[in-house]
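Student: what follows is a predicted structure for the sequence shown.
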Amino acid sequence: MARDDGYTRYTVRIPTPLYERVKAAAGEKSVNAEIVEALEAAYPAPNQREVVLDVIVLLADLQRQMKEAGGAEADLQALKSKCDEVIAQLKKNPDLAGEEGAQTEFDLALLLAHFRT
């Protein structure tokens, strides 16, 4: 029966000299912990807030381009509605604010100003 503890078990073969360097670098930690730490540093998880803000900026830019190209009003309204949904979710989810939570309202105000033009 597979364990569901949030970890994927994966066997990897590494050259002995590399293993020895990792083992020495680990010190009191396990070799596994050292490898996981190195992988986390090399492949950080995306910052949710930055991803959402990037999406909002892209949607606002798309709306501007559609407006300039004479896009149908219904299409523009649908896009504006979708942007408003994303912004509402960003405001409601404190996890998306991250360490810069105090700036969230300011950031959103700037994005909304860009979006509404």
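Tutor: Structure received.

Student: outline the domain layout of the chain.
Tutor: The chain breaks down by automatic domain parsing into domains covering 1-44, 48-116.

Student: and these, which one averages the lowest pLDDT?
Tutor: Sorting those by mean pLDDT places domain 48-116 lowest, at a mean of 66.

Student: helices of the chain, start to end?
Tutor: 16-26, 31-42, 48-68, 73-92, 104-116 (DSSP state H).

Student: alpha carbons of stretch 35-53, as CSV, please.
Tutor: Provided in CSV are the C-alpha atoms of stretch 35-53 (Å, rounded to 0.1, in the frame of the first residue of the first chain):
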residue,chain,number,x,y,z
ILE,A,35,19.5,17.1,-1.7
VAL,A,36,16.0,18.3,-1.1
GLU,A,37,17.3,21.7,0.1
ALA,A,38,19.5,22.0,-3.0
LEU,A,39,16.6,21.1,-5.3
GLU,A,40,14.3,23.6,-3.6
ALA,A,41,16.9,26.3,-4.1
ALA,A,42,17.4,25.4,-7.7
TYR,A,43,13.7,25.0,-8.5
PRO,A,44,11.7,27.4,-6.3
ALA,A,45,7.9,27.2,-6.2
PRO,A,46,6.3,30.1,-8.2
ASN,A,47,5.1,33.0,-6.1
GLN,A,48,1.3,32.8,-6.4
ARG,A,49,0.9,36.5,-6.0
GLU,A,50,3.3,37.4,-8.7
VAL,A,51,1.7,34.9,-11.1
VAL,A,52,-1.8,36.4,-10.4
LEU,A,53,-0.5,39.9,-10.9
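
Student: what comes up buried for stretch 13-32?
Tutor: A26 (16 or more other CB atoms under 10 Å). For the C-beta atoms, the positions are set from N, CA and C on the backbone; glycine is no exception.

Student: let me see the residues that make contact with it.
Tutor: 33-35, 37-38 (CB atoms under 8 Å, 6 or more residues apart in numbering).

Student: please pick the buried ones from these.
Tutor: 34-35.

Student: closest to D4 out of the helices of the chain?
Tutor: helix 31-42 (18.3 Å; CB to CB).
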